[in-house]
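Participant: coordinates only, no sequence provided:
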């Protein structure tokens, strides 16, 4: 192959690998009264996924309501561009893509708001409280006393998504109770659950939405409630160059999270029992 052709192919490959998502800025939209937002996602049950090839979930409904708010508040007509995602299960790639994006790009998933992530992303206010859980195969005895962690989990290994807050939870479990615990990386949260189902010697940390999805599918899993952690909250993430974040915060703090429309969105995608459940979370 000629060197010039090889160089051209390498350059094309490089551009494809590092292509960035992009959306219109609020600053530009104030002048044109039109804007296109790019919505990208990492698959998350009930929050952001595809159903029959169409975007579905709480996050998508929230963004549609936000677009209506922007229209009524500013007169800007918003078009939603649903980005095609090559590997929607890859949460790590999702974070990387949003971080590298420009302008009006919004990342939809079960992304926990943390101080560390705020250094790399703009975050919306929380749209949903989370319960982080420790999950095993249902054949594993339930841990009801922390004194029994080592004896119950001592022979298990962990599988978790690298870079997630769930990984941090497993690392904390290892530090406190299981110094010899082996931790393997999983490509996605769903595959972490699948690993637990396939191997009685595996444990993972998962958000409550994945636990509920697995239960609904009648998968043989067990939640060890003694480890439930309720301090996490999910937010919409944006690149630091996204200047819509102030207006998004205004919308979500306008009473939307307490509204009947918000309650309907939660019920439509997660069920009435989940709405009742999350209202009780402190």
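Facilitator: Now that the structure is in, tell me what you want to look at. In this text, all values refer to a predicted model and were calculated from it rather than measured experimentally.
Participant: would you agree residue 232 is in contact with residue 126?
Facilitator: No. Using C-beta atoms under 8 Å, residue 232 makes no contact with residue 126, being 9.0 Å away. To be clear about C-beta, it is placed using only N, CA and C from the backbone, and glycine gets the same treatment.
Participant: which residues are in contact with each of those two?
Facilitator: residue 113 (C-beta atoms under 8 Å, 6 or more residues apart in numbering).
Participant: more neighbours, the two?
Facilitator: residue 232 (21 against 16; other C-beta atoms under 10 Å).
Participant: separation between that one and residue 207?
Facilitator: The gap separating residue 232 from residue 207 is 8 Å, by C-beta to C-beta, to the nearest Å.
Participant: touching both of the two, which residues are there?
Facilitator: Common neighbours of residue 232 and residue 207 (C-beta under 8 Å, 6+ apart) are 130, 131, 132.
Participant: list just the nearest of those residues to residue 245.
Facilitator: residue 130 (20.7 Å; C-beta to C-beta).
Participant: okay but that closest one is in contact with residue 234, surely?
Facilitator: Yes. Using C-beta under 8 Å, residue 130 is in contact with residue 234, at 5.8 Å.
Participant: the helices in the chain, which residues?
Facilitator: Assigned by DSSP state H, the chain shows helices spanning 3-17, 26-32, 58-74, 91-100, 149-153, 165-176, 189-198, 208-216, 245-252, 260-270, 272-280.
Participant: of all the ones you listed, which one is nearest residue 224?
Facilitator: helix 149-153 (8.6 Å).
Participant: buried stuff in the closest one?
Facilitator: 149, 152, 153 (16 or more other C-beta atoms under 10 Å).
Participant: redo those residues as a markdown table? Include pLDDT and distance to residue 200.
Facilitator: A markdown table is the format used below for those (pLDDT from 0 to 100; distance: C-beta to C-beta, whole Å):
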| residue | pLDDT | distance to residue 200 |
| --- | --- | --- |
| 149 | 97 | 17 |
| 152 | 97 | 12 |
| 153 | 97 | 12 |
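Participant: sketch out the low-pLDDT regions of the stretch 151-282 of the chain for me.
Facilitator: Within the stretch 151-282 of the chain, the segments meeting pLDDT under 70 span 281-282.
Participant: sorry, back to before: so of the shared contacts of residue 232 and residue 207, which ones are in strands?
Facilitator: Mapping these onto strands (DSSP state E) picks out residue 132.
Participant: can you say which of the shared contacts of residue 232 and residue 207 are buried?
Facilitator: Using 16+ other C-beta under 10 Å, the buried members of the shared contacts of residue 232 and residue 207 are 130, 131, 132.
Participant: quick check: closest non-adjacent residue to residue 43.
Facilitator: residue 88 (4.1 Å; C-beta to C-beta, 6 or more residues apart in numbering).
Participant: that neighbour against residue 41, yeah?
Facilitator: Yes. Using C-beta under 8 Å, residue 88 makes contact with residue 41 at a distance of 6.4 Å.
Participant: neighbour-wise, which of these two wins?
Facilitator: residue 41 (23 against 19).
Participant: for the residue nearest the centre of the chain, give its distance to residue 24.
Facilitator: By C-alpha atoms, centre = their mean, the chain has its centre lying nearest to residue 110, at 2.2 Å. With distances taken as C-beta to C-beta, residue 110 is found 26 Å from residue 24.
Participant: equivalent analysis for residue 101, please.
Facilitator: As judged by C-beta to C-beta, residue 101 and residue 24 stand 12 Å apart.
Participant: and residue 41, what pLDDT?
Facilitator: We have a pLDDT of 96 for residue 41.
Participant: my error: substitute residue 13 in the last question.
Facilitator: Looking at residue 13, its pLDDT is 34.
Participant: what of residue 93?
Facilitator: So, for residue 93, pLDDT stands at 91.
Participant: that one contacts residue 87, doesn't it?
Facilitator: Yes. Residue 93 lies in contact with residue 87 (C-beta under 8 Å); the separation is 6.1 Å.
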